[in-house]
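> Pasting the sequence and the predicted coordinates here, then a few questions.
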Amino acid sequence: MEGRKWEDMEMDCLVNILGRVGIESLALDVPFVCKSWYKATLNPLCWQSLHFPINLENSRFPRYSRFPWSLNPEGLVKGAVNRSQRSATTLALPDNCSNKDIIYALEECPLLKLLMLPSSVIDNHEAFIIPSMISKLKNLEILMLQFSQDLVEIIAQINLHCKNFVFLSVANAEISSDAAIAIATLLPNIKGLALRQCKLERRDLVIILNGCKKLEFMDVSNCRGFESDDAEILNLASHITNFKCERQAIGLSHAGVRSFQFCIRRKEGRKWEDMEMDCLVNILGRVGIESLALDVPFVCKSWYKATLNPLCWQSLNFPIDLEYLRFPWSVNPERLVKGAVNRSQRSATRLALPDNCFIIPSMINKLKNLEALMLQFSQDLEEIIAQINLHCKNFVFLSVTNAEISSDAAIAIATLLPNIKGLAPRRCKLERSGLVIILNGCRNVRYMDVSNCIGFESDDAEILNLASHITTFKCEGSYLYDYDDYEFGFDAHCSDAIGYYASD
């Protein structure tokens, strides 16, 4: 449609960028942009950063049937780890990981530089395996924990086996005197330390400050055991470039991520600001709205600046069910849509609304540039088509799923949209007579998907003959009779139909 040839982009550059958009977007958004992006996701280097959502039930994975792995933690972890082909350098495991999950992941990720473990490791009484697994991670540089069980032994193993270790984070736990001594004596050259929202006695903090003289970043905010304005502590910490001990309201997960980013930027010294901003905006604007808001801004300053560009918000594709959205704005549909639309500054070219948002025919006349419309209802469809015919001269693609296509709607499509290039009435009730009318009227169609419909047989000879001129015609799974036990449901494939149109 827009003439962009993403396949001409250097694959190394594409893989490097797409590998940083977040595992949800990498699995659920990126592969469906175009063929070259799909091929890029098959590259193990795209899967070097395996940062799983803490709570899989609140992620988008359970809502997408097209995701190829099972949705239990074991299947999800194993599937992503296998994609990385032992090249992963970052691993943040989800809740409810078993011994089997953890052992498999750590054995198959020998190049890990960052490891993040949730508190559920303790809930499952399985933390005893962690110290023994540290010895396998020779390249480990950053460890982020939400528990302190076996912390002394973990630190001892780091001292023995992880010569490049620079950053330790322990959140929402108790730091014992033994653990404080272990940090001070076994990790004296550590560059970053985050003991946020922990129980940490004053004397133990003093031990750490006296022992770790090379600290550049330390976060002990919201801790219990000392005063944030303690003069001796502030004096001992005066050599630390970034020392935080105040009380804040930021959640643990955000603090941990930001601590990691501080360290990783200093460690790797990457200069993303040298990348051409136009190219960066063009690519980041296609990674998905959640990743654009929650992952991209925290990679580096230039990526954050890129997200302020309205062109990054040209594609506003909201998840259907806001209950599974990670977005920072209110999950009230009106507030959510308004927030994203404001970011686009009237430059948006794609809009996929969440549930409880409806399009009405009278609004179509404002969308002069509309080229594709995807609906999950057929109410007022004839009037909507009539408005498209009057006002949208570039219109080429219509998708209606999980609805009933009446005879009047079929006639409207055939007579008012005769030059349409793509049509996807998928999983609809569509009578044979209505389909014949559409096929006879829309002779310029190059893509049609009427699979899993009710009202005609998929092997109907006349229909196949009428559709013989269509480059891509899908009708598998369709049948004549409406069985009582048939249920319509949301099918993720309905959103894939636009992929043909977008890549045309």
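Sure, I can see it.

> Low-confidence stretches in the stretch 401-504 of the chain?
Within the stretch 401-504 of the chain, the stretches with pLDDT under 70 are 481-504.

> same thing with the stretch 251-400 of the chain?
251-276, 279, 319-334, 355-359.

> Tell me where it has strands.
Here the stretch 251-400 of the chain has its strands, by DSSP state E, counting those that start in this stretch, at 315-317, 350-352, 372-375, 397-400.

> Run me through the strand neighbours of the first one, direction for each.
Strands flanking strand 315-317 in the sheet, each with its direction: strand 350-352 (parallel) (DSSP bridges).

> buried sites along the strand it pairs with?
350-351 (16 or more other Cβ atoms under 10 Å). Backbone N, C-alpha and C define where each C-beta goes, glycine included.

> cool, stretch 379-399 as well?
380-382, 384-389, 392, 395-399.

> Ramachandran coordinates for residue 91?
Phi and psi for residue 91, reported as degrees, to the nearest 10, are phi -140, psi 120.

> Save the strands of the stretch 251-400 of the chain as a markdown table, and put in distance to residue 31 too.
Formatted as a markdown table, these follow (distance: least, Cβ to Cβ, whole Å):
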| stretch | distance to residue 31 |
| --- | --- |
| strand 315-317 | 14 |
| strand 350-352 | 17 |
| strand 372-375 | 18 |
| strand 397-400 | 19 |
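
> residues touching residue 146, list them.
If you count contacts by Cβ atoms under 8 Å, 6 or more residues apart in numbering, residue 146 has them with 117-119, 170-173, 252.

> separation between the closest residue to it other than its chain neighbours and residue 172?
Spatially, and ignoring its direct neighbours in sequence, residue 146 is nearest to residue 119 (4.0 Å; Cβ to Cβ, 6 or more residues apart in numbering). For residue 119, the distance to residue 172 equals 7 Å [Cβ to Cβ, to the nearest Å].

> same question, residue 432
62 Å.

> picking up where we left off before, quick check: helices, which of the buried residues of stretch 379-399 are part of them?
Counting by DSSP state H, these place 381-382, 384-389 in helices.

> now the residues you listed as a markdown table including distance to residue 100?
As requested, these are exported to a markdown table (distance: Cβ to Cβ, whole Å):
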| residue | distance to residue 100 |
| --- | --- |
| 381 | 51 |
| 382 | 56 |
| 384 | 52 |
| 385 | 54 |
| 386 | 59 |
| 387 | 56 |
| 388 | 54 |
| 389 | 59 |
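
> Between those, which sits nearest residue 20?
Distances from residue 20 to these, taken as Cβ to Cβ, are shortest for residue 388 (38.6 Å).

> Wait, the closest one touches residue 417, no?
Yes: contact status for residue 388 versus residue 417: in contact at 7.0 Å, counting by Cβ atoms under 8 Å.

> anything in contact with each of those two?
Common neighbours of residue 388 and residue 417 (Cβ under 8 Å, 6+ apart) are 395, 398.

> List the contacts of residue 432.
By Cβ under 8 Å, 6+ apart, the residues touching residue 432 are 455-456, 460, 463, 480.

> Residue 40: how many residues sit nearby?
26 (other Cβ atoms under 10 Å).

> Please export the C-alpha coordinates of the helix or strand where it lies as PDB.
Using DSSP states H and E, the element containing residue 40 is helix 35-41. Taking C-alpha atoms only, helix 35-41 is exported to PDB below (Å, rounded to 0.1, in the frame of the first residue of the first chain):
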ATOM      1  CA  LYS A  35       7.600 -11.300   5.500                       C
ATOM      2  CA  SER A  36      11.000  -9.800   6.200                       C
ATOM      3  CA  TRP A  37      10.000  -9.000   9.800                       C
ATOM      4  CA  TYR A  38       8.700 -12.600  10.200                       C
ATOM      5  CA  LYS A  39      12.000 -13.900   8.800                       C
ATOM      6  CA  ALA A  40      13.900 -11.700  11.300                       C
ATOM      7  CA  THR A  41      12.000 -13.200  14.200                       C
END
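
> Return the set of buried residues in it.
37, 40-41.

> Report the contact partners of residue 282.
Counted by Cβ under 8 Å, 6+ apart, residue 282 has contacts residue 311.

> ugh, wrong one, residue 131
150, 153-154, 156-157.

> Now these in a markdown table, please, with extra columns for neighbour count.
Converted to a markdown table, the contacts of residue 131 look like this (neighbours: other Cβ atoms under 10 Å):
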| residue | neighbour count |
| --- | --- |
| 150 | 19 |
| 153 | 16 |
| 154 | 25 |
| 156 | 15 |
| 157 | 21 |
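
> how about the helices in the stretch 1-150 of the chain?
Taking DSSP state H, counting those that start in this stretch, the helices of the stretch 1-150 of the chain run over residues 11-18, 23-28, 35-41, 73-84, 99-107, 120-123, 129-134.

> The fifth one: which residues count as buried?
Buried residues in helix 99-107, counted by 16+ other Cβ under 10 Å: 101-106.

> Good, we can wrap up now.
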